[in-house]
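Quick one, fold the following:
(2 chains)
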Amino acid sequence: MKGKKQKILKGIPASNGIAIGKVFLLERADDLYIPIKKISKEEVKEEINKYKSALEKTKKELLAAKERILKSLGKQHAAFVEVYVSIVDDPLLTRDVVRMIEEEMVVSEYATNTVLNRIIATFEKIEDEYFRGRASDIRDVVRKILRNILGKKRKELTNITSEHIVVAHTLSPHDTALLKEKKCIGFAIDVGTKTSHISLIAQGLELPAVVGLKNITTEIEDGGDIILDGYEGIVIVNPDKETLEEYRLKLQKIAQEKEYLAKLKNLPAETVDGHKVKIMVNLDNHTELEKIDLSGTDGVGLFRTEYLYLGRDELPSEKELTEVYTYVAEKLYPLCVVIRTMDLGGDKLSRFNLEGFRPEPSPALGLRGIRVSLKYKDIFKTQLTAILRASVKGNIKIMFPMISAVQEFKEAKKIVEEVKIELENKNVKFDKNIPLGAMIETPSAALTCDIISKEADFISIGTNDLIQYTLVVDRMNENVAEMYEPLHLSILRLVKYIIESSHKNGKQVDMCGDMAADTAFTKILLGMGLDVFSVPIGKVLEIKKLIRSFSFSEAKELVEDIFSKDNREDVITILKNKKIIL
Amino acid sequence: MIEEEFVIKNSLGLHARPVTNLVQRISKYKSTVKIAKNDEVVDGKSIMGILTLAVACGEKVKFIVEGEDEQEVMNVIRDLVEHKFYTEPL
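Residues are numbered from 1 along each chain as shown, chains lettered A, B, ... in the order given. Next up, the predicted model:
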């Protein structure tokens, strides 16, 4: 380290984490230099054979890697290798490269490289980031082929240890699987973007990584000291004493925080004086369930179903919906999922050619939420049938969006009863006591919640719309966006009234809007008696940590204190004094 | 020659995994397959070609199949599209 100057290389943060260690340099970009070389007519056949056996060899290597990944990472990641195999089989390589060798009489590595560059150029023009990012996967596969044509081997990864940070021009997903097996502590590569497979796998393995460094392989020495910062997307070469010390401290803090959060995960959301609430998660679609870990939560407090109706010309069938809801119910069991019935504006439904639907001058005040379902009963019934069919596979609750009067809730309930009878007649099993909840997101519903909560089995507060409709402010309209204020006394009063009037009827109250996930309101909401906080998955631990830091009695006092004030500024002063907000 | 238009329902569109399933299934057949989005046409047996179309969820593409087993190939394609290429739950 002596004498060498510290240097910071900037790349793209691909996977969070920090690693301090020694460089294991795998290969440099210029390791594969491919100049044009002509061949004679007689040599063409042999050259093609050489090329074809390189393709075969590459394919064999990939299939072997697939087996290894299947064992260490599972089916989902093994599917990535299938993608690689298909690239080797692509006619652009099996046909076009062969044609070029024949027609232009050049060596196969040159033909391969030329075709590769042409393909990459097409990809670079794509606007969509995901599709553009596939160029790095293609480059990766083709380099494997090139290496097999040239008979060049890469340095063996098997010698890595837990002190090493791998630096390479590129890494393939199956290289990454090996890195994990060998307990390497991170990697940095020249190519890649945030959405490259390699980055996604690194995130899955929780392996710190920086990609897109362009020329890190030429900037560093094998065995040298580096710091890899996956949060910032930087690599520090030859770090000086101070930097090293700073990063060691950071590493320590991360380890402590991780340990604490891991412990927190399995602890209940309980105040210091023993008042327990539930923390649930909001989900936008069922595919998220593959990626997230819901252990340590109380299930899904809001499962949005709109995506099942968007981006298509035909309405989803009962069968399709049943499969989705069944998947979700089974995946979550024994945890509960609250399925919100379709909450789309009428405008989104126009592509289905619904009878009697006319464009609306102000959709926010038009046909939306439960109103759509009550007007187009067939769509609603299909959804309810699917939910009821799935209800035997897990713990499902149904929730109706945008209830604005008790009549609407009663009408929706009646339709559920109709569907139940239809299913009974068909001898289909379903949960006869499936709970039905009302979403309170309009002032009219909030102020009559004492009546609605007699009918409903549970209440869920949707704060985003409740605030918008109470304050008459569209948050997306920059002229008035500043007036959007959850701490407006009217909002605090409405929320408190909803909770108290529902509790009087013995009903549980959930909240699934942004307010539930904002730490500025946690203590107030808990003090008002909120039973369930339904939040994005990333917020679960933060909210839980906060709840475990205070007592129910001080939260109740805070609410009393706030309600004794007659303006928003005083409320904010209280929150600032208590360091709840900055 | 037969052709048919489909709406892609996969949540991420025609991304790498569905395309892999598509080319693996139809490459065995003799017919040529072309895929068209707007004015762009690519080889339906080329994963890289199809990816350059960058087909998003809800977009329409046309499959043009020609050859002795064209009907069979179109049936396979229809089945794949309807089942989201067997890469995600329906």
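
make it CA atoms for all contacts and neighbour counts henceforth
OK.

Report the residue spans of chain B with pLDDT below the cut-off.
Along chain B, the model assigns pLDDT under 70 to no residue.

Output the set of residues of it in proximity to chain A.
Within reach of chain A by C-alpha under 8 Å from any C-alpha of the partner chain, chain B has these residues: B:7, B:9, B:15-17, B:20, B:23-24, B:45-48, B:51-52, B:54, B:57-59, B:88-90.

If we use 6 Å, what do you get?
B:20, B:46, B:54, B:58, B:90 (C-alpha under 6 Å from any C-alpha of the partner chain).

could you dump those residues to a markdown table with distance to residue A:124 and neighbour count?
What follows is those, written out as a markdown table (distance: C-alpha to C-alpha, whole Å; neighbours: other C-alpha atoms under 10 Å in any protein chain shown):
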| residue | distance to residue A:124 | neighbour count |
| --- | --- | --- |
| B:20 | 21 | 25 |
| B:46 | 18 | 24 |
| B:54 | 12 | 22 |
| B:58 | 23 | 18 |
| B:90 | 32 | 20 |
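
Can you flag which of those belong to helices?
Among the residues of chain B next to chain A, the members found in helices (DSSP state H) are residue B:20.

In chain B, what residue comes closest to chain A?
Per C-alpha to the nearest C-alpha, residue B:58 is where chain B lies closest to chain A, at 4.5 Å.

Look up how far chain B lies from residue A:160.
Using C-alpha to the nearest C-alpha, to the nearest Å, one obtains 31 Å as the distance from residue A:160 to chain B.

quick one, what contacts that residue?
For residue A:160, no contacting residues are found, by C-alpha atoms under 6 Å, 6 or more residues apart in numbering or on different chains.

and with 8 Å instead?
Residue A:160 makes contact with A:24, A:179, A:182-184 under the criterion C-alpha atoms under 8 Å, 6 or more residues apart in numbering or on different chains.

Next: residue A:454.
Contact analysis of residue A:454 by C-alpha under 8 Å, 6+ apart lists A:502, A:505.

And the next helix or strand past the host helix or strand of it?
For residue A:454, the host element (DSSP states H and E) is helix A:449-455. Counting by DSSP H and E, the next helix or strand C-terminal to helix A:449-455 is strand A:458-461.

contacts for the lengthiest helix in chain B?
Ranked by number of residues, the top helix in chain B under DSSP H is helix B:70-82. Helix B:70-82 has contacts (C-alpha under 8 Å, 6+ apart) with B:1-2, B:6-9, B:22, B:25-26, B:29, B:31, B:65, B:85-86.

What residues sit buried inside it?
Neighbour counts using 16 or more other C-alpha atoms under 10 Å in any protein chain shown place B:70-71, B:73-74, B:77-78, B:80-81 of helix B:70-82 among the buried residues.

Now for residue 28, how many residues are close by?
No chain was given, so I picked chain A. A count of neighbours around residue A:28, defined by other C-alpha atoms under 10 Å in any protein chain shown, yields 18.

um, chain B though
For residue B:28, the tally of surrounding residues (other C-alpha under 10 Å) stands at 10.

just checking, it is part of a helix?
No: the assignment for residue B:28 (DSSP: H, G, I helix; E, B strand; the rest coil) gives coil, which keeps it out of a helix.

Need the nearest residue in space to residue A:17, chain neighbours excluded.
Using C-alpha to C-alpha, 6 or more residues apart in numbering or on different chains and skipping residues adjacent in sequence, the residue nearest residue A:17 is residue A:208, 4.5 Å away.

Which of the helices or strands spans residue A:540?
Residue A:540 belongs to helix A:540-547 when assigned by DSSP H and E.

residues of that helix that come out buried?
By neighbour count on 16+ other C-alpha under 10 Å, the buried set for helix A:540-547 is A:540-541, A:543-545, A:547.

Stretch A:121-128 too?
A:123-124, A:126.

Please consider this matter closed, and thank you.
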